[in-house]
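J.: Return a 3D structure for these sequence lines:
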Amino acid sequence: MSGQNRSTAVMQRRRVAPDSLDYFPTPPFATRALCEFLENVVEEPIDLQRAWEPACGELHMVRPLQEYFADVRASDVHAYGDNELIDFPFIGGMEPQTDWVITNPPFKLAEAFIQTGLRVAGRGVAMLLRGAFLEGQDRYATLFEKTPPDYVLQFVERVAMLEGRLVRIGDLDPFAEKPGTKVSTATSYCWFVWLGNGFERRDTRLRWIAPCRRRLERPGDYPDYSHMLSADAATGGLFERSAA
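T.: Below you'll find the predicted structure:
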């Protein structure tokens, strides 16, 4: 993959709406880190397997998945572009099974995405979630007590995610309210991974993902917003004003 990735959804929606879809694009290196892990723990080569990304957004996770899997299905509840329109937690029993369900789900719907993934995935489920997802008595009772993940993969370096846009950590955020703001985060993220058929109760193993961002980043991973900045300068502002 070469050249710069140009984002259209962000261009059309520069200010996040109150009823937003909790869309936080995933830096592609984080997906490659998962795939490298799976290559080492899954018996059958993943390049012979199928994956489904059911909260695909603008395909920032789909593209690196395509580097590793034989086929990648992309869907979302919103039409971001080249994706199927599917409300994943409510698909019922109509969708064909896939080998893997891999996504960064909306945090408020994460458990519903996991439970649906466990129904439709034959080989595994991987969810990128905040470390805080491990907490909570209700979640323990409804999910972890019965179907704990095989692995929790903790990133030791920060994975920066911004709502509605993808900008490399440490770079200037062109859509920040305060000019000159660089991307940073205090939030910790982990991959939660369920392996095998049946997903019966098993012990959970903690693994650390060593620093890998610089090694796993590729040209074109991050959208080029320069054309949007030029247009904003001409119209007098970076953010659209809300209607009175």
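
J.: okay, CA-based contacts and neighbour counts for the rest of this
T.: Will do.

J.: to the chain's geometric centre, what's the distance from the longest strand seen in the chain?
T.: The residue-count maximum for a strand in the chain (DSSP state E) belongs to strand 121-130. Relative to its chain's centre, strand 121-130 lies at 11 Å (C-alpha atoms, centre = their mean, to the nearest Å).

J.: and if you look at stretch 155-172?
T.: 12 Å.

J.: For that stretch, measure first residue to last.
T.: With C-alpha to C-alpha, to the nearest Å as the measure, the ends of stretch 155-172 fall 23 Å from one another.

J.: pLDDT on it, on average?
T.: Averaging pLDDT along stretch 155-172 yields 96.

J.: CA atoms only for stretch 104-119, dumped as CSV, please.
T.: Provided in CSV are the C-alpha atoms of stretch 104-119 (Å, rounded to 0.1, in the frame of the first residue of the first chain):
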residue,chain,number,x,y,z
ASN,A,104,-12.4,-2.1,18.0
PRO,A,105,-16.0,-1.9,19.0
PRO,A,106,-17.9,1.0,20.5
PHE,A,107,-17.1,0.8,24.1
LYS,A,108,-20.7,0.9,25.3
LEU,A,109,-21.5,-2.0,23.0
ALA,A,110,-18.3,-4.0,23.6
GLU,A,111,-19.9,-6.9,25.4
ALA,A,112,-22.7,-7.2,22.8
PHE,A,113,-20.0,-7.3,20.1
ILE,A,114,-18.1,-10.0,22.0
GLN,A,115,-21.1,-12.2,22.6
THR,A,116,-22.1,-11.9,18.9
GLY,A,117,-18.6,-12.6,17.8
LEU,A,118,-18.4,-15.7,20.0
ARG,A,119,-21.5,-17.0,18.2
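
J.: what are the phi and psi values for residue 134?
T.: Taking degrees, to the nearest 10, you get phi -70, psi -20 for the backbone angles of residue 134.

J.: any idea how far residue 78 is from it?
T.: 28 Å.

J.: Same check on residue 182?
T.: 29 Å.

J.: okay, the angle between the longest helix along the chain and strand 121-130?
T.: Longest helix of the chain, by residue count under DSSP state H: helix 28-41. Counting by axes from the mean of the first three to the mean of the last three C-alpha atoms, to 10 degrees, helix 28-41 lies at 140 degrees to strand 121-130.
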